[in-house]
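**Student:** got a predicted structure here, sequence first:
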Amino acid sequence: AVADNGRNVVLVPAAYGGTGFCANAQMVGWNADELGNPAFANNWLFLRAVERADIAISETGGVLKGILWHQGESDGEVLACAQSYQANLQRLVQALRTDIVQDSRGAAFRGSNAPIPFVAGTMSRGVDARGDFSVFSTTKTLVDNAHRTISTFVTKAGFVNNDDLVPPAYPCGAQSCIHFGSVALREMGNRYYQELKSISGE
């Protein structure tokens with residue numbers, strides 16, 4: 001639990017199901033720039049995330065304390081996307097840290113290597129009657145490795161390991177075990193918080 005220090009915590013949601021850096025049925029993507037490659041999606045979700053963060057900072061006077069990332073399943077299905085995932089993720093983090101409006105801490109907290117913690121979460125390995133996601137394919141493993149090694153190619157970054165958030169203790173979510181269930185998501189939130197604190201030194 002977070003101690004009550006009288007300050008508000010504003011979460012800025014930017015998730016969009018079934019999307020990634022790779023081209024997808026939703027026709028929107030997380031690329032930090034237009035890559036001009038038909039294998040990849042556009043930068044619409046990146047621009048949308050920056051706009052939402054800008055609004056939150058402007059309306060609250062708050063500061064950007066961290067960025068949470070939980071994605072990868074879609075990009076893990078296509079070899080070209082999985083092979084480029086690490087580089088695309090690195091560009092995304094650097095661009096978010098640069099493009100989100102400055103807050104009261106000033107220019108030292110913006111730029112490609114600004115000290116804004118970035119935390120990635122590992123993907124579901126759940127198994128139930130609807131399917132088995134416990135063993136990752138070769139392409140999905142490339143994405144998983146990028147999450148687990150993010151601190152080696154992104155400054156002030158870390159990951160949370162969710163491999164144990166599986167049935168029966170942690171039932172899967174709707175549709176299939178590609179999604180975490182509500183109990184798992186709450187535990188994942190605790191892990192994100194602890195990793196954010198660790199990276200920021202708070």
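**Tutor:** Okay, I see it. Numbers count the residues shown, from 1 in each chain.

**Student:** report the central residue of the protein.
**Tutor:** Among the residues of the chain, residue 69 comes closest to the average C-alpha position under C-alpha atoms, centre = their mean, at 0.9 Å.

**Student:** what sits opposite it in the beta ladder?
**Tutor:** residue 120 (DSSP bridges).

**Student:** where's it relative to residue 131, distance?
**Tutor:** 24 Å (C-beta to C-beta, to the nearest Å). Placement of C-beta: from N, CA and C, glycine included.

**Student:** what does residue 116 give?
**Tutor:** On the measure of C-beta to C-beta, residue 116 and residue 131 end up 36 Å apart.

**Student:** more crowded one of those two?
**Tutor:** Higher neighbour count among residue 116 and residue 131: residue 116, with 24 against 13, using other C-beta atoms under 10 Å.

**Student:** let me see the mean pLDDT of the longest helix anywhere in the chain.
**Tutor:** Longest helix of the chain, by residue count under DSSP state H: helix 79-99. For helix 79-99, mean pLDDT rounds to 96.

**Student:** what do you get for stretch 43-63?
**Tutor:** pLDDT averaged over stretch 43-63 gives 97.

**Student:** which ones are touching the residue lying closest to residue 133 once chain neighbours are set aside?
**Tutor:** Once flanking residues are discounted, residue 133 sits nearest to residue 177: 4.9 Å by C-beta to C-beta, 6 or more residues apart in numbering. By C-beta atoms under 8 Å, 6 or more residues apart in numbering, residue 177 lies in contact with 124, 126, 127, 128, 130, 131, 132, 133, 166, 167.

**Student:** strands of this structure, residue ranges please.
**Tutor:** 67-69, 118-121, 127-128, 131-132, 157-160 (DSSP state E).

**Student:** relative to residue 192, how far out is residue 94?
**Tutor:** 20 Å.

**Student:** I should have written residue 36 there, sorry.
**Tutor:** Residue 36 is 34 Å from residue 192, by C-beta to C-beta.

**Student:** neighbour count for those two, which is higher?
**Tutor:** Legend: neighbour count by other C-beta under 10 Å for residue 36 and residue 192, higher for residue 192 (22 against 6).

**Student:** my guess is that one meets residue 68, correct?
**Tutor:** Yes - taking contacts as C-beta atoms under 8 Å, residue 192 lies within contact range of residue 68: 5.4 Å.

**Student:** which residues do these two both contact?
**Tutor:** Contacts common to residue 192 and residue 68, judged by C-beta under 8 Å, 6+ apart, are 119, 121.

**Student:** which residues of this protein score low on pLDDT?
**Tutor:** Low-confidence segments of the chain, defined by pLDDT under 70: 1-6.
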